[in-house]
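A.B. asks: missing the sequence, but the structure's below:
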């Protein structure tokens, strides 16, 4: 991708060269039908969602992109009548976001579109965010917006681009200071101390700020930024009052997927034998797990492609527990599989996608004049070093709202 310095130095000539090189003339442009309002979603796994079986796949695994049937963009598609600027046209939704994509892949996803009037983009460089966030991340995002504006699918089409941010993973409840998200048999376990949780949130805030500033840089009503963080208010990991099982996605209090171990636990107390599978909503009794997990009996072994670990209560030897988990699925330290159940970790659950989609629908209604938008306030958790009061924060990163006053319509 061309650097912005090159755009500034060479002007429109270089922009035209980029346009021609990136989009050969022998690739025909597919024109949208006049009776359709075409809109689409491009981005990474937060935009595509992560499917893990045939029942929740959007397109049956097309392009190996793991598109999720309940992704936030499908919620927007399903709510088209509530926000469309042109009720006389039918919707034509183009879902091109792909799990594993990065910012530099957005042009390739745009190549697969027709002539959209509205595009949602949610993409980041999460693996390089620490390096980029204070060293050119805003500029990098602007380069990608420049490339989007020049793309043949939207150039001259009066299209709107909406850039989306990301959600903070953690609340700051004190209970979490003594919890961990390691697999039970992990050799070393990292507690979820408040300082670490705050650092995660701060990195996401800085990334969001860079994306927001990149969008606002253009001072163009057709380049918008939406903060989706509010959709996860009171539904993050470590919310005050939530228990440990809530963190493991038993129930729907947490809107972000944890890393589920695909395993079974069999508890035996004399003649009473019960087996609990990890893909069900009924966990084994926590008090029994806590009592036995530090009393492993014998060495772990492999039988029929299953790791097996046994535990026995030294005070009550009739009480035992057996863990089984697939070889290659999980190792001593965590995930080794590329299975969708693993890949969805730290991505929105169906409830998370639902509320993100509804939040965006509300913002679209504002953008297209379908509502005055009173009472809708987009906001974020207070980062470290900030003070929030009366809905306003004073931060080293700049002032912003910390209030959570919007209402999601379901």
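C.D. replies: That came through fine. What you are looking at is a predicted structure, and each value in this text was computed from that prediction instead of being measured.

A.B. asks: Packing partners of the lengthiest helix in the chain?
C.D. replies: Using DSSP state H, we find that the single longest helix of the chain is helix 194-216. Packing partners of helix 194-216 (3 or more Cβ pairs under 8 Å, 6 or more residues apart in numbering; DSSP states H and E): helix 129-132, helix 137-150, strand 160-164, strand 223-226. C-beta coordinates here come from the backbone N, C-alpha and C atoms, glycine included.

A.B. asks: Relative to the whole chain's centre, how far out is the last one?
C.D. replies: Pointing back at strand 223-226 there. 18 Å (Cα atoms, centre = their mean, to the nearest Å).

A.B. asks: ok, residues contacting stretch 303-314?
C.D. replies: If you take Cβ atoms under 8 Å, 6 or more residues apart in numbering as the criterion, stretch 303-314 is touched by 185, 291-293, 295-298, 300-302, 319-327, 330.

A.B. asks: Narrow these to just the buried residues.
C.D. replies: 185, 291, 292, 319, 320, 321, 322, 323, 324, 325, 330 (16 or more other Cβ atoms under 10 Å).

A.B. asks: those strands in this structure, which residues are they?
C.D. replies: 36-43, 90-95, 118-122, 160-164, 223-226, 264-269, 272-277, 296-303, 306-312, 319-326, 387-389, 392-394, 400-401 (DSSP state E).

A.B. asks: List the neighbouring strands of the second one plus their orientation.
C.D. replies: For strand 90-95, the pairing partners within the sheet under DSSP bridges are strand 36-43 (parallel).

A.B. asks: ok, and for the strand it pairs with, which residues are buried?
C.D. replies: Those would be 36, 37, 38, 39, 40, 41, 42, 43, for strand 36-43 by 16+ other Cβ under 10 Å.

A.B. asks: how many other residues sit next to the residue nearest to the last one when sequence neighbours are not counted?
C.D. replies: So that's residue 43. Distances taken as Cβ to Cβ, 6 or more residues apart in numbering put residue 122 closest to residue 43, at 3.8 Å, once the chain neighbours are dropped. Neighbour count for residue 122, taken as other Cβ atoms under 10 Å: 25.

A.B. asks: From residue 343, how far off is residue 122?
C.D. replies: According to Cβ to Cβ, to the nearest Å, residue 122 stands 16 Å off from residue 343.

A.B. asks: again with residue 205
C.D. replies: 25 Å.

A.B. asks: what do you get for residue 287?
C.D. replies: From residue 287 over to residue 343 (counting by Cβ to Cβ), the distance is 32 Å.

A.B. asks: Which one's more surrounded, these two?
C.D. replies: residue 343 (20 against 8).

A.B. asks: hang on, the earlier thing: among the buried residues of strand 36-43, which one sits closest to residue 110?
C.D. replies: Nearest to residue 110 among the buried residues of strand 36-43 is residue 42, at 6.4 Å by Cβ to Cβ.

A.B. asks: Surely residue 75 touches residue 357?
C.D. replies: Yes. Counting by Cβ atoms under 8 Å, residue 357 is a contact partner of residue 75 at 2.5 Å.

A.B. asks: which of the two has more neighbours?
C.D. replies: Set residue 75 next to residue 357 and count neighbours by other Cβ under 10 Å: residue 357 wins out with 24 against 19.

A.B. asks: can you tell me which residues contact that one?
C.D. replies: So residue 357 contacts 72, 73, 74, 75, 76, 79 (Cβ under 8 Å, 6+ apart).

A.B. asks: Thank you, goodbye.
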